[in-house]
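Engineer: Structure of the sequence below:
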Amino acid sequence: MEAKPIQFPSNLVFKSRLALAGTGLSLMLMAAPTTLWAAAPDRGQQQAALIFQILASEIALSQGEVGVAALTYLNVAKQTQDPTAARRATELAIEARSPQRAEEAAQIWLANAPNDQEAQNTLDLLQLVQGETQKLIRSLSTRRLTASKENKAELFYDYLASLAGRAPDKLEGLKLFETVSDPDRNQSHVVYTRAMLNERAGRHPVMEALLRELITREPNHAHAHNALGYHLADRNERLNEALTLIERAYALAPKDAHIIDSMGWVYFRLGRLDLAEKYLRLAYQQQPDAEISTHLAEVLWKKGQTAEAESFFRAAFQADPRSDILINTLNRLGISPARVHPR
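Structural biologist: Numbers count the residues shown, from 1 in each chain. Prediction:
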């Protein structure tokens, strides 16, 4: 998260614009809200001390001392309980690679801005990367109940799936999702997400069983057919079954770019390169992401159209330079990333 110059709320009463000689830094400094100091006899001194802390933090930041700046802003946030100062402290602590300090600041941020979704998302991610799974489970379980009462369960589970998918430990991400979603474990979107997270965690038999269960219950679930078919095609297993599954998905959702991509990929696995190219070009026209670009590039590479293949590898780099599919494909084909990296 990029650290940005802080902008304090308009209810802060003391303002002083300072130009710092030799640094070129111009700051708008404000003291704490009036309510914070209302009962303090030395209010002016406390305001001055607060301004000094903010100034010291910005000077430290201008000199590259991000950790010092983060700690100073955290102290300001603790004193003022101001969400803007807390957000600034969070950003700086993240930049300084101090997740514990960032979490402390994010808690102040969220406590004083409880409806700020960015504050909640940031705190969730900080707890996730630090392995604080139980703390996160308790928080998310409470929010699941609220979402269910407000008929927003699907939106909640979309967020939970995204969060679990970002866990550094794939099994911990799976545990997080399955624990929080357990009361709704039989709902279709929950079953589907559990299948995808099991695949990510390398539990392929579990993933396949969940998708087959879902297809049996809902024969018109296009994405379940597509996910299972693509899984088989990508592993180069049971290709005729994979084709049948993906054809069914395509019949149900013929305009879905990911399903069209799967059609191209299973034809590639079957050695039918012209059909593979046809479907992958259609998918790319709809959604030129890194995965589809890489699939199309590999088909063209296989057909000997290396110059055009390299152009699609470059497009994949531009879409997502850290794509696992892209990097793994280049390694498998013996292509140096430098050869196709955008200049």
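
Engineer: Tell me if I'm right that F312 and T294 touch.
Structural biologist: Yes: checked against Cβ atoms under 8 Å, the pair F312 and T294 is within contact range at 7.5 Å. No exception for glycine: its C-beta is placed from N, CA and C like everyone else's.

Engineer: Okay, helices next: where are they in the stretch 101-250 of the chain?
Structural biologist: Listed in chain order, the helices found in the stretch 101-250 of the chain under DSSP state H, counting those that start in this stretch are 117-129, 133-149, 153-165, 170-181, 188-200, 204-217, 222-234, 239-252.

Engineer: in a strand, that's where L330 is, yeah?
Structural biologist: No: using DSSP: H, G, I helix; E, B strand; the rest coil, the assignment for L330 is helix, not a strand.

Engineer: thought it was touching A338?
Structural biologist: No: judged on Cβ under 8 Å, L330 makes no contact with A338 at a distance of 10.1 Å.

Engineer: low-confidence ranges in the stretch 1-150 of the chain?
Structural biologist: 1-65 (pLDDT under 70).

Engineer: Distance to L275 added to the helices of the stretch 101-250 of the chain, as JSON lines?
Structural biologist: Output for those, formatted as JSON lines (distance: least, Cβ to Cβ, whole Å):
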{"stretch": "helix 117-129", "distance to L275": "42"}
{"stretch": "helix 133-149", "distance to L275": "43"}
{"stretch": "helix 153-165", "distance to L275": "32"}
{"stretch": "helix 170-181", "distance to L275": "34"}
{"stretch": "helix 188-200", "distance to L275": "26"}
{"stretch": "helix 204-217", "distance to L275": "24"}
{"stretch": "helix 222-234", "distance to L275": "13"}
{"stretch": "helix 239-252", "distance to L275": "11"}
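
Engineer: Leaving out the residues flanking it, which one is nearest to L92?
Structural biologist: Excluding the flanking residues, the one nearest L92 by Cβ to Cβ, 6 or more residues apart in numbering is A70, at 3.7 Å.

Engineer: got the contact list for the residue lying closest to R235 once chain neighbours are set aside?
Structural biologist: Closest residue in space to R235, ignoring its immediate chain neighbours: H204 at 7.8 Å, by Cβ to Cβ, 6+ apart. By Cβ atoms under 8 Å, 6 or more residues apart in numbering, the residues touching H204 are N198, H231, R235.

Engineer: That's all I had, so thanks and see you.
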